[in-house]
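Student: Here is the input, now give the coordinates:
(one chain, ligands or ions: 1)
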Amino acid sequence: MGFFDRISQGLQRSRDKFKEEMNVLLDRGPDLDEEFWDGLEETLILADIGGAAACDIVENLRDQATRKALPDAYAVLDMLNDQIADTFTQGGQEILGGDPACVLFVGINGTGKTTTVGKLSKEAHDAGRKVILGSADTFRAAAIEQLEVWARRADVEMVTRERGADPASVCYDTIERAEAEDADLVLIDTAGRLHTSADLMRELAKVVNVVRKRSKLPVYTVLVIDATTGQNGLQQAREFNRELELDALIVTKLDGTAKGGIALAVSHELELPIIKIGVGEGLDDLRDFDAHEFARALVGAFDQRQA
Ligand SMILES: Nc1nc2c(ncn2[C@@H]2O[C@H](COP(=O)(O)OP(=O)(O)OP(=O)(O)O)[C@@H](O)[C@H]2O)c(=O)[nH]1
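Tutor: Below is the predicted model of the structure:
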């Protein structure tokens with residue numbers, strides 16, 4: 001299944017919710033009055049796109065409606081997809097695009113870090129890259145085993161220590177091994193932690209700093225967020241960004257959520273690019289992110305003239 005079909009299927013619930021709200025708004029007629037603009041902003045906020053992004057989108061559409069003398073709400077909605085796509089922060093190609101890199105994956109418990117690292121290792125290995133995995137999630141024994149399964153499946157090496165070991169030292173060992181083996185992609189899984197726990201966040205900051213100091217490869221810190229958590233994902237992202245100065249996002253579980261708009265809220269507010277999205281548990285359910293296709297899947301092609 002192609003990117004669009006997969007993401008379109010995944011975001012069906014988000015799209016249905018958005019369409020329902022839009023139809024209520026359009027029932028009163030297609031006039032471009034204050035009620036329409038306020039209603040559009042509210043509908044975008046209800047789609048979990050976030051207040052800041054919704055406000056920017058509506059402001060830009062209003063501006064275009066005036067400049068291009070758009071006749072009605074339908075003409076505005078024709079431009080909505082492009083406007084949403086342009087609201088995502090762009091970039092991040094250097095992280096997983098093929099250049100040598102060391103990437104740390106962080107996030108709260110259960111967002112899909114280990115699964116994502118596993119899928120990425122297979123993808124990179126299949127593309128002919130020399131990959132080393134580091135399992136610094138020494139808190140959860142099952143995480144080490146889970147990543148070991150992926151490492152075997154992908155035929156890549158993995159470095160870890162026993163459960164309870166210092167995660168910073170696992171990172172140290174991983175980088176050492178990567179240098180000895182001349183690896184060009186180092187992927188490090190870290191233990192999930194609540195963004196509200198100051199101690200755990202400080203411990204993670206220490207791990208990230210060790211890697212930043214020690215690695216000769218460029219180091220990137222990527223937050224993995226679970227789309228089903230909705231607005232809480234934004235709060236998580238703010239805290240992780242404050243502590244760790246993130247470089248990018250991976251948004252997982254976009255299959256079957258009515259809260260897919262959170263991807264835009266976080267990318268826009270924190271000015272972080274989305275470098276991959278997860279649309280299922282299977283091996284090929286981690287996809288490159290395409291802002292235009294995502295926008296189309298999130299709100300649909302809006303030909304409501306026939307609605
Ligand atoms: N539906 C769906 N499930 C996913 C996706 N990504 C990961 N999962 C599932 O989410 C669950 C948690 O994934 P893990 O990779 O163990 O999460 P984690 O972040 O490493 O967890 P901790 O180490 O406890 O923080 C697993 O059952 C995964 O199969 C996705 O894109 N869609």
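Student: Quick check: chain neighbours aside, which residue is closest to the residue of the chain found nearest the ligand?
Tutor: With Cβ to the nearest ligand atom, the shortest gap between the chain and the ligand falls at Gly192, namely 2.1 Å. (Each C-beta comes from the backbone N, C-alpha and C, glycine too.) Spatially, and ignoring its direct neighbours in sequence, Gly192 is nearest to Asn109 (3.3 Å; Cβ to Cβ, 6 or more residues apart in numbering).
Student: residues near the one you found, how many?
Tutor: Number of residues near Asn109 (other Cβ atoms under 10 Å) recorded here: 12.
Student: what about the strands in the stretch 101-250 of the chain?
Tutor: For the stretch 101-250 of the chain, applying DSSP state E, counting those that start in this stretch gives strands covering 101-106, 131-136, 157-159, 185-190, 219-226, 248-252.
Student: For the fifth one, give the mean pLDDT please.
Tutor: Yep, that's strand 219-226 we're talking about. For strand 219-226, the mean pLDDT works out to 98.
Student: Nearest to Leu298, out of the strands of the stretch 101-250 of the chain?
Tutor: Between Leu298 and those, the tightest spacing by Cβ to Cβ is seen for strand 248-252, at 11.9 Å.
Student: Please see if that closest one touches the ligand.
Tutor: Yes: using Cβ under 6 Å from any ligand atom, strand 248-252 reaches the ligand at Thr252.
Student: What parts of the stretch 151-300 of the chain come near the ligand?
Tutor: Neighbours of the ligand within the stretch 151-300 of the chain, by Cβ under 6 Å from any ligand atom: Ala191, Gly192, Thr252, Lys253, Asp255, Gly278, Val279, Gly280, Glu281, Asp285.
Student: Does the fourth one touch Gly230 like I think?
Tutor: No: the pair Lys253 / Gly230 is not scored as a contact, 11.1 Å apart, by Cβ atoms under 8 Å.
Student: okay, the two: which has more neighbours?
Tutor: Neighbours per residue (other Cβ under 10 Å) separate Lys253 from Gly230, with Lys253 holding more: 23 against 16.
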